[in-house]
Every structure is written in C-alpha cells, then in structure tokens.
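Asker: could you look at this predicted model? Sequence included:
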Amino acid sequence: MFSFKLNGKTVEISEVDPHTTVLSWLRHNGLTGSKEGCAEGECGACAVLLLRPDGNTSRFESVNGCLLLLPSLAGQEVWTVEGLETHGLHPVQTAMLQGGSQCGYCTPGFVVSMAAEYYRKERQGFDLEALSGNLCRCTGYRPIKDAAESLGKPDPNDPLAQRLTQPAPTPAPLN
Ligand code: FES
Ligand code: FES
C-alpha cells in the first residue's frame, strides 16, 4: 500500500499491478487529459508534472507518464493537465488557444511541459528546450513557439506558484 498526491489531493493505493504505468492508471481513473501517443517516451503526449526539491522550495519537472510506473510515485506529488485547470483555463492553455493546437492530441503534453518552464523561477523569456520532448504531427511548431514566447511571469497569487514556495515531499519507501 502506498499513497501520493495528485493535483493537491492524497490518493491511497491499496492494490495495483506493479507494472501499471502512471499514464494507464490516470486514464483508467478518469483523468484522460494525458494521452498515449507512442507509449515509449518519444512524443510527450503523456507528460505530467512531478514536484522536485529545489533547496527549501520546489520546482516542476515534466516527465513521461508512459515510462513511469505507478508505485514509483509513492510519497511524491504529481500534477496533471486537469490540475492546471482547477481555477479555469491556465495561462499556458490560453496562449495555446491562439493557433497552437489543431487535432489537439499533443496539446495536453505541450501544456504540461510549457507549464514546467512557465513556473521555473529563474526563467527569462522562454527556453524552448523545455519542449524538446514533445512532438506535434499537425500544427507545426511555429504557433506553439509563439504561444510559449508570449507567456509572461506567473501571478504571485497563482496557486501553483504558491505551491512551489513550499518544499517538495520526500518520497516514501514502499511497504
Ligand atoms: S506516450 Fe509518447 S512519450 Fe509517452
Ligand atoms: S495538434 Fe495534432 S498532433 Fe499536435
């Protein structure tokens, strides 16, 4: 048995096949924003945000949910694209709406990776390397680049920016 935080709420897992990926578990539990594209870590459609330590505070890291096994989340904190929308459209989503999405299959993954960079505390401009793990087969990258580069700084009252002022959880050993 183990638990982790998902979009700010604790989730208890009493029984799960240890080979279950985070992506598969999310999609089977109603969080279908994260998509399966390649299922082998190439396309970023399955990206989720993992909270990592950053001194006494924390930072987001975009990781591929298709490569992570659910038990590896024990004691950790993860945010999905649904968690970004808790208070209405996230600024990154609003920016992507200006031409950065066509069929939309890759969009949640781009939004998640863009959000990780959006919240990076030392950010000046936008480091496009943050999107290097995301592939889009139809929009073309120019409007996505434009969306990324249009982003300002997060509002200090933004709940996720506030969360990052606190420490990341320490992963717990599995029972
Ligand atoms: S589904 Fe393509 S990287 Fe996970
Ligand atoms: S908008 Fe269709 S794959 Fe990117």
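Answerer: Okay, I see it. Numbers count the residues shown, from 1 in each chain. Ligands and ions are numbered 1, 2, ... in the order given.
Asker: what helix or strand is the closest residue in space to Leu73 that isn't next to it in sequence located in?
Answerer: By the measure of CB to CB, 6 or more residues apart in numbering, the closest residue to Leu73 outside its immediate chain neighbours is Phe4, 4.1 Å from it. Yep, even glycine has a C-beta here, placed from its N, CA and C like the rest. According to DSSP states H and E, Phe4 maps onto strand 2-6.
Asker: packing partners for that strand?
Answerer: Contacts defined by 3 or more CB pairs under 8 Å, 6 or more residues apart in numbering; DSSP states H and E place strand 2-6 against strand 9-13, strand 77-79.
Asker: deepest of the ones you listed, which one?
Answerer: strand 77-79 (a mean of 21; mean count of other CB atoms under 10 Å).
Asker: what strands line up against that one, and which way round?
Answerer: strand 2-6 (parallel), strand 47-54 (antiparallel) (DSSP bridges).
Asker: let me have these in JSON lines, extended by mean pLDDT and distance to Phe60.
Answerer: As requested, the strands paired with strand 77-79 are exported to JSON lines (pLDDT from 0 to 100; distance: least, CB to CB, whole Å):
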{"stretch": "strand 2-6", "mean pLDDT": "96", "distance to Phe60": "13"}
{"stretch": "strand 47-54", "mean pLDDT": "97", "distance to Phe60": "4"}
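Asker: tabulate those in JSON lines, adding columns for mean neighbour count and distance to Leu68.
Answerer: Formatted as JSON lines, the strands paired with strand 77-79 follow (neighbours: other CB atoms under 10 Å; distance: least, CB to CB, whole Å):
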{"stretch": "strand 2-6", "mean neighbour count": "19", "distance to Leu68": "11"}
{"stretch": "strand 47-54", "mean neighbour count": "21", "distance to Leu68": "8"}
